[in-house]
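Colleague: I need the structure of the sequence given here:
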Amino acid sequence: MRLPDDLRARLRDLRLVARSTAGGDGLGMHSSRSRGAGLEFAQYRGYEPGDEPRRIDWKLYARSDRYFVREAERDSPLTVWIVIDASASMAQADRRRADYSKLDAARLLAACVIELALRQGDRFGLVGLSGSELHFVADAAGARQRDRCMLELERMHCAGELPDASQLRPLWERIRPGALVVLLSDDFDERLVDLATRLAVARREVVSIGLLSAEERDFPFQGGHRFRDPETGAELLADGEGARRDFLERFSAARDRLAKRFAAVGIVHVEHHLDRALDEPLRRLFGAPQVALERP
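Modeller: From the prediction side, this is the model:
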């Protein structure tokens, strides 16, 4: 699995950061020898396409006739966990692009986060939840870890419902307090919403990217349709035009309730629709100015 070059270039000004004020702890404020766009100068490296021009050392360019950018010691070492909902509902795609599902978007977003963590020298791990199973790639750092995670992303497929609470217990052993958890899901299953809120309350830094189809946003259906829940198999016959207003009102209200529930425990939640640019939710979370991930 490989990120498109143009998408990779758009990630260069993003930085994974978590801040917590719970218990007076300042997550990420201790010193690290990993490299990134931090505060204290550490070394130079050659300019690469996509680097910020403000980081070019023009005095060094005048002496060497080559472009170099300043790297710094990072002030926020992290362990990053990417948790992907791979239940049956994540196989949904829009009719205009039937070969691109919510899970496909989740895979690419996960790959973006992995690239950011690798660039910063952070540890990162991967969890896939599907068909009552947990698929782990234990956290580690480096290019080989990226390759392990990319291989698992390629293998990941949608199946069944999410594991129940007892099956999710190993998450608590792997994801330690202080870790940054990036949750990728359509948030339709209460078990995942409950997991996210429990992780946040237990001092894990949780950010959520809600993956939705354009059809869920717009409900463009016309005429009679059979709507089927991919996880329970329940079906509903309805007229698209007649059901549109009621669906959109109910769906919007449900998303608002979810956002408020997440905000109450300090989870930063953004939405991503399948017809939008893939880096948009990452930019909202990790771009400049960055969202302050602070608990109330």
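
Colleague: check contacts around residue 164.
Modeller: 132, 191 (C-beta atoms under 8 Å, 6 or more residues apart in numbering). (Glycine included, C-beta is placed from N, CA and C.)

Colleague: Look up how far residue 270 lies from residue 216.
Modeller: From residue 216 over to residue 270 the distance is 16 Å, taken as C-beta to C-beta, to the nearest Å.

Colleague: go on, residue 61?
Modeller: Using C-beta to C-beta, residue 61 is found at 38 Å from residue 270.

Colleague: the more surrounded of these two?
Modeller: residue 270 (16 against 13; other C-beta atoms under 10 Å).

Colleague: Could you look up the SS state of the more buried one?
Modeller: Counting by DSSP: H, G, I helix; E, B strand; the rest coil, the backbone at residue 270 sits in strand.

Colleague: For it, name its beta-bridge partners.
Modeller: Listed beta-bridge partners, residue 270: residue 209 (assigned using DSSP bridges).

Colleague: Got the domain ranges for this structure?
Modeller: Residue ranges for each domain of the chain read 39-73, 77-286, as given by automatic domain parsing.

Colleague: The residue nearest the centre of the chain sits in which helix or strand?
Modeller: Closest to where the C-alpha atoms of the chain average out (C-alpha atoms, centre = their mean) is residue 182, at 4.4 Å. Residue 182 belongs to strand 180-185 when elements are defined using DSSP states H and E.

Colleague: Check which helices and strands that strand is in contact with.
Modeller: Counting contacts by 3 or more C-beta pairs under 8 Å, 6 or more residues apart in numbering; DSSP states H and E, strand 180-185 packs against strand 79-85, helix 102-120, helix 190-201, strand 205-212.

Colleague: Could you give the average pLDDT over that strand?
Modeller: Along strand 180-185, the predicted local confidence has a mean pLDDT of 98.

Colleague: which outside residues touch it?
Modeller: Residues lying outside strand 180-185 but in contact with it, judged by C-beta under 8 Å, 6+ apart, are 16, 18, 78-85, 90, 106, 109-110, 113, 175, 192, 196, 199, 204-211.

Colleague: Run through the stretch 151-296 of the chain and note the low-pLDDT ranges.
Modeller: Where the stretch 151-296 of the chain drops to pLDDT under 70, the residues are 220-233, 235-242, 288-296.

Colleague: Doesn't residue 217 belong to a helix?
Modeller: Yes: secondary structure assignment places residue 217 in a helix (three-state DSSP).

Colleague: neighbours around residue 155, how many?
Modeller: Residue 155 has 9 neighbouring residues, counting by other C-beta under 10 Å.

Colleague: Could you pull up the contacting residues of it?
Modeller: Under the criterion of C-beta under 8 Å, 6+ apart, the contact partners of residue 155 comprise residue 135.

Colleague: try residue 151
Modeller: Contacts here follow C-beta under 8 Å, 6+ apart; on that basis residue 151 touches residue 1.

Colleague: And what about it, helix, strand or coil?
Modeller: Going by three-state DSSP, the secondary structure assigned to residue 151 is helix.

Colleague: ok, it to residue 138 distance?
Modeller: In this structure, residue 151 lies at 14 Å from residue 138, with C-beta to C-beta as the measure.

Colleague: counting contacts, what elements does the helix or strand encompassing residue 6 pack onto?
Modeller: If you go by DSSP H and E, residue 6 is part of helix 5-10. Here helix 5-10 is seen to pack against helix 102-120 when contacts are counted using 3+ C-beta pairs under 8 Å, 6+ apart.

Colleague: Next, the angle strand 180-185 makes with the helix it packs on.
Modeller: Between the direction of helix 102-120 and that of strand 180-185, the angle (axes from the mean of the first three to the mean of the last three C-alpha atoms, to 10 degrees) works out to 160 degrees.
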